[in-house]
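Undergrad: The following comprises the amino acid sequence and a computationally predicted model.
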Amino acid sequence: MKAPINKIIEMLKEIYPSLQEPIVTEVAREGNPFFVLISTILSLRTKDKTTKEATHRLLSVAKTPQEMLNLSAEKISQLIYPVGFYNVKAKNILKVCKILVEKYNAQVPNKLEDLLNLPNVGRKTANLVLSKGFNIPAICVDIHVHRISNRLGIVKTKTPTQTEFELMKVLPKKYWIEYNDLLVPFGQNICTPISPFCSKCKLESFCLKIGVKSSR
């Protein structure tokens, strides 16, 4: 039996307040797409606590693309350390900011195609910027969203990109923006990659547990 999507979302909303929200969601409250873009770039392959601290350090020094370009790659690296690949991310941030200043009047574009043309910006980052930075319906699929959507039986896919397109077919549009917000902390704390905490999961009764070999 297919997982009841509406019920899953509403139950996750009940669980969500007890779990720590992703850093990008916190940053998005500022209503600044540039902050969301920078935070998302820093978050790749980095734990939320580290991302949060690095984001606040960097944005306390440079809050606009122009201000960011006044910093050297070395200075940015120092500010964002120890996020994953901090030296590479520092250089990428400068490349992105240069394009924003030269091509988009120092503004973050609000179209998927334009975001994907920025250096090292993939679909996950672009969709987060659209959804959290501009409040435009978009489904951000990371490892948690991909894993849990398949585990529950909502989709049957092999890659995050496939998951994104399949979710666009079955997930009501009103849930697109918050879907990542709900599944990321759920995946970090309860529906973990290995041995998920099925015994204390409120979704356990109708989860298909696809791919789950052992649970707690």
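TA: Arrived safely, thanks for sending.
Undergrad: Packing partners of the helix or strand where Lys169 lies?
TA: In the assignment (DSSP states H and E), Lys169 maps to helix 160-170. Under the contact criterion of 3 or more Cβ pairs under 8 Å, 6 or more residues apart in numbering; DSSP states H and E, helix 160-170 touches helix 123-128, helix 143-152. All C-beta atoms are positioned from the backbone trio N, CA, C, and that covers glycine.
Undergrad: Report the angle between it and helix 143-152.
TA: Here helix 160-170 points in a direction 60 degrees away from that of helix 143-152 (axes from the mean of the first three to the mean of the last three Cα atoms, to 10 degrees).
Undergrad: How about helix 160-170, which residues are buried there?
TA: Buried residues in helix 160-170, counted by 16 or more other Cβ atoms under 10 Å: 160, 163-164, 166-167.
Undergrad: Dump those into JSON lines; add pLDDT as well.
TA: Below are these laid out as JSON lines (pLDDT from 0 to 100):
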{"residue": "Pro160", "pLDDT": "96"}
{"residue": "Thr163", "pLDDT": "98"}
{"residue": "Glu164", "pLDDT": "98"}
{"residue": "Glu166", "pLDDT": "97"}
{"residue": "Leu167", "pLDDT": "97"}
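Undergrad: Which of those sits closest to Asn105?
TA: Glu164 (29.4 Å; Cβ to Cβ).
Undergrad: Name all residues that make contact with the closest one.
TA: By Cβ atoms under 8 Å, 6 or more residues apart in numbering, the residues touching Glu164 are 123, 127, 139, 141.
Undergrad: So what's the residue count around the third one?
TA: The one in question is Ile139. 24 (other Cβ atoms under 10 Å).
Undergrad: One more: the last one?
TA: Using other Cβ under 10 Å, Val141 is surrounded by 25 other residues.
Undergrad: pLDDT at it, what is it?
TA: Looking at Val141, its pLDDT is 97.
Undergrad: got the contact list for it?
TA: Taking Cβ under 8 Å, 6+ apart, one finds 123-124, 127, 149, 160-161, 163-164, 167, 180 in contact with Val141.
Undergrad: what separates it from Pro17, distance-wise?
TA: 23 Å (Cβ to Cβ, to the nearest Å).
Undergrad: before we move on, what about the second one?
TA: For Asn127, the distance to Pro17 (Cβ to Cβ) stands at 24 Å.
Undergrad: Looking at these two, which one has more neighbours?
TA: Taking neighbours as other Cβ under 10 Å, Asn127 and Pro17 compare with Asn127 leading, 25 against 7.
Undergrad: which secondary structure element contains Ala106?
TA: Per DSSP H and E, there is no helix or strand for Ala106.
Undergrad: Next one: it from Leu152, what distance?
TA: In terms of Cβ to Cβ, Ala106 sits 41 Å off from Leu152.
Undergrad: CA atoms only for the helix or strand bottoming out on mean pLDDT in the chain, dumped as CSV, please.
TA: The weakest-scoring helix or strand in the chain, judged by mean pLDDT, DSSP states H and E, is helix 23-28 (a mean of 82). Extracted as CSV, the C-alpha positions of helix 23-28 are listed here (Å, rounded to 0.1, in the frame of the first residue of the first chain):
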residue,chain,number,x,y,z
ILE,A,23,20.5,26.1,9.6
VAL,A,24,19.3,27.2,6.1
THR,A,25,15.8,27.5,7.5
GLU,A,26,17.1,29.7,10.3
VAL,A,27,19.0,31.9,7.9
ALA,A,28,16.0,32.2,5.6
